[in-house]
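Chemist: Provided below for reference: sequence and predicted model.
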Amino acid sequence: MAEYLFRIFRYDPEKDEGTKGRVQEYKVDVQEGWTLLDVLVHIKWFMDGTLTFRRACSHGICGSCGMTINGKNGLACETQIKDLGTQVITVEPLRGFRVIKDLVVDMEPFYDKLYAVKPYLITYTPPPSDRERLQSPEDRKLLDGKYECLLCGCCTSSCPTYWADKDFLGPCALLKAAKFSLDSRDEGWAERVNVIDDKHGIWRCHTIFNCVEACPKDLNPTKAIVELRRMALRGRL
Amino acid sequence: MLEKPSVIRHYRWHVGTIAWLLHRITGLLLIFYLVLHIWVIHHISQGPAGFNKVMGVVQTPIFLLLEIGLLGCVLYHAFNGLRIIVIEFSKEGVEAHKQIYAAMMAVAIILFLIGGVPMFIHFLHALAG
């Protein structure tokens, strides 16, 4: 057991309207093996019931608890307190989004960008009558590192380009675009390229790599963007 | 809803952030240099006397020292630019961007020393008179 100081961003739309939010400090005795989500739940249940955050699975698969932890985005449920290496731990809502309350942000603009890239399989030729659409193991392997995304928003909200340009599709939506564009069964490139081959699309990325550092699933959205750029270039030539 | 929350702690920097930030800064400095350069060169239209006069200004010790900074800006911007090209067009470049950065910066630093040391000696001579 060790005592840690948690500096947590607080914003109550009813009480703090007109302010830029405040910091509340909590001293917590952290048990061996606790994650940040365990700490937040402990605070909410035993210290301060007003603390608000999103959570669901607590096992790094739902993508609800994305937040900025010690200045870097990640999932609270996948962050071991002792791995952070500091006695004072700051917890902030994801950057680049509007704050609804405390650590809960408005993800709607993020989802809008996701829908914009048509993140689903688009086909025109009918499937074979006797079976599903087949894919070779080699073609399937091209999608590794692209389909695992949880939509937690850690990448897009870590992106300085997104902070500056709210119309930028962002690394998450472009990763999804790459996932379907690189799928051997997909025939929707002509539709998708109209959306992503844009100054607020693939060409906006400055290869800063914040998204790669932030992704809790160790995916590489920058690689996806670079691959989309090559596809778009080949299409133009 | 809160549009712009206060920042408790600045977002963490890493190799990619620093590489991009320095690329921006050196790029802006190079634009500034380009304007200055064109301004100096345009004096050639005033004949030898006018041109020599302005060249005399840019050959003072302070400008000789700034030229070493210019060499640094050019080398950084050029070699980080090469890094970005390699990242964009090579197959495994995105994964190895940190190693590519280290390699490019090693070459840039060697070239900076090869060019910068004689320039600094020249500056010291100019300072001594």
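Modeler: Sure thing, it's come through.

Chemist: for stretch A:193-206, how far is the first residue from the last?
Modeler: 19 Å (CA to CA, to the nearest Å).

Chemist: could you pick out the residues of chain B near chain A for me?
Modeler: Neighbours of chain A within chain B, by CB under 8 Å from any CB of the partner chain: B:1-12, B:14-17, B:20, B:84, B:87-89, B:93-95, B:97. Any C-beta I mention is one placed from the backbone N, CA and C, and that applies to glycine too.

Chemist: which of these count as buried?
Modeler: For these, a burial check counting by 16 or more other CB atoms under 10 Å in any protein chain shown picks out B:2, B:5, B:8-9, B:11-12, B:14, B:16-17, B:20, B:84, B:87, B:93-94, B:97.

Chemist: farthest pair in those?
Modeler: Longest distance between any two of those is 39.3 Å, between B:L2 and B:G93; criterion CB to CB.

Chemist: which residues of chain A fall in helices?
Modeler: Under the criterion DSSP state H, chain A contains helices at A:36-42, A:81-84, A:108-116, A:137-141, A:160-164, A:170-181, A:189-196, A:210-214, A:221-236.

Chemist: an error on my part: the question was meant for chain B.
Modeler: Going by DSSP H, chain B shows helices at B:15-41, B:47-58, B:61-89, B:97-128.

Chemist: report how many residues lie close to the residue of chain A found nearest chain B.
Modeler: Per CB to the nearest CB, A:F209 is where chain A lies closest to chain B, at 3.0 Å. Number of residues near A:F209 (other CB atoms under 10 Å in any protein chain shown) recorded here: 26.

Chemist: now do the same for it: its pLDDT.
Modeler: You'll see A:F209 listed with a pLDDT of 97.

Chemist: who's in contact with the residue sitting nearest the centre point of chain A?
Modeler: Residue closest to the average C-alpha location in chain A (CA atoms, centre = their mean): A:G153, at 2.2 Å. Counting by CB atoms under 8 Å, 6 or more residues apart in numbering or on different chains, A:G153 makes contact with A:G63, A:G66, A:L94, A:F97, A:V105, A:M107, A:F110, A:C172.

Chemist: the last one contacts A:Y111, doesn't it?
Modeler: No. Contact status for A:C172 versus A:Y111: not in contact, 9.8 Å apart, counting by CB atoms under 8 Å.
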